[in-house]
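> Task: produce atomic coordinates for the following.
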Amino acid sequence: DGAERTNNRQYYTFTEDDKYIVALNKEDELIVYNFKENERIEKDVADIVAMSEDKILYEKESILYVRSINPKKDDRLKVTEDYDANIRFSEDGKNIIYTDGDRKLHIFNIKKDKDETIAKDVSSYYCDDKSCEKMFFVESADTKTVYYYNGKDRESMVKDIYSINAYDVSEKQLVYTKIDDKEYSLYYQKVGNDPVLVEDGLTSLRTVKLFK
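Coordinates of the predicted model:
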């Protein structure tokens, strides 16, 4: 992926359009190089967390910020002071999706500078292919329950799952397993419909895929 990190914390990566190189040097400076000159866009940076086509997500003084990769656009926004490793840009680069230290699931809209809490006690989430405004997520407060979120409301699908094995958010369908006495049962389910048992009595599972 063009990125490198060494023991002295040097880091560099090409942007998706190959217009820039983004680097984090030994002095903790965030540098953007346009193949003619380089420009420091931030100092005292602890880490580069993620990059989209035109934005960079980075940590400074235990705070997460997002800004344009283009040095001429000084559009830095504070995202959060509380997040874990489960963080990403949506594919279109418009949203940042993350879970915080209390396992609350958030969507941060960059254009609106708005953070919205979607759910609590979330152990995992599975986004759509574009905005991440629609998703499946698993709540694990009392039991592992799968929900579908349509961008406004959430809908409970199934409780007591073992794992999600395959999903297609755009088609509102997923495949999951339940376990009983060390045997697996494989189910297919579409949002709004009852689950369909695919196979039971399985002692192991390797790969499951959904095909359109």
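> spatially speaking, which residue is in the middle of the chain?
The residue lying closest to the centre of the chain (Cα atoms, centre = their mean) is residue 88, at 3.4 Å.
> quick one: what helix or strand has that residue in it?
strand 87-89 (DSSP states H and E).
> Paired strands for that strand, with orientation please.
strand 95-99 (antiparallel) (DSSP bridges).
> Just list whatever residues bridge to the residue nearest to the centre of the chain.
In beta-bridge terms (that is, DSSP bridges), residue 88 pairs with residue 97.
> Let me see the residues that make contact with the strand holding residue 88.
Residues from elsewhere that reach strand 87-89 (Cβ atoms under 8 Å, 6 or more residues apart in numbering): 49-52, 55, 57, 64, 95-99, 127, 132. From N, CA and C alone the C-beta is placed, and that goes for glycine too.
> ranking those by neighbours, who comes first?
Most neighbours among these, by other Cβ atoms under 10 Å: residue 96, with 27 neighbours.
> Could you give the bridge partners of the residue nearest to that one when sequence neighbours are not counted?
Nearest non-adjacent residue to residue 96, counting by Cβ to Cβ, 6 or more residues apart in numbering: residue 108, 4.2 Å away. Beta-bridge partners of residue 108, counted by DSSP bridges, are residue 96, residue 115.
> neighbours around residue 108, how many?
Residue 108, neighbours per other Cβ under 10 Å, totals 25.
> And for the one 3 residues further on?
For residue 111, the number of neighbouring residues by other Cβ under 10 Å comes to 8.
> Can you give me the pLDDT of it?
Note for residue 111: predicted pLDDT of 95.
> do you know how far the residue nearest to the centre of the chain is from residue 45?
19 Å (Cβ to Cβ, to the nearest Å).
> Ok, residue 110 next?
Residue 110 is 19 Å from residue 45, by Cβ to Cβ.
> swap in residue 65?
9 Å.
> what's the answer for residue 108, then?
From residue 108 across to residue 45, the span is 19 Å (Cβ to Cβ).
> what's next to stretch 152-161, contact-wise?
Here stretch 152-161 has contacts from 118-119, 136, 138, 143-149, 174, 176-178, 187, 189, 191-192, 195, using Cβ under 8 Å, 6+ apart.
> From those residues, list the buried ones, please.
118-119, 136, 138, 144-149, 174, 176-178, 187, 189, 195 (16 or more other Cβ atoms under 10 Å).
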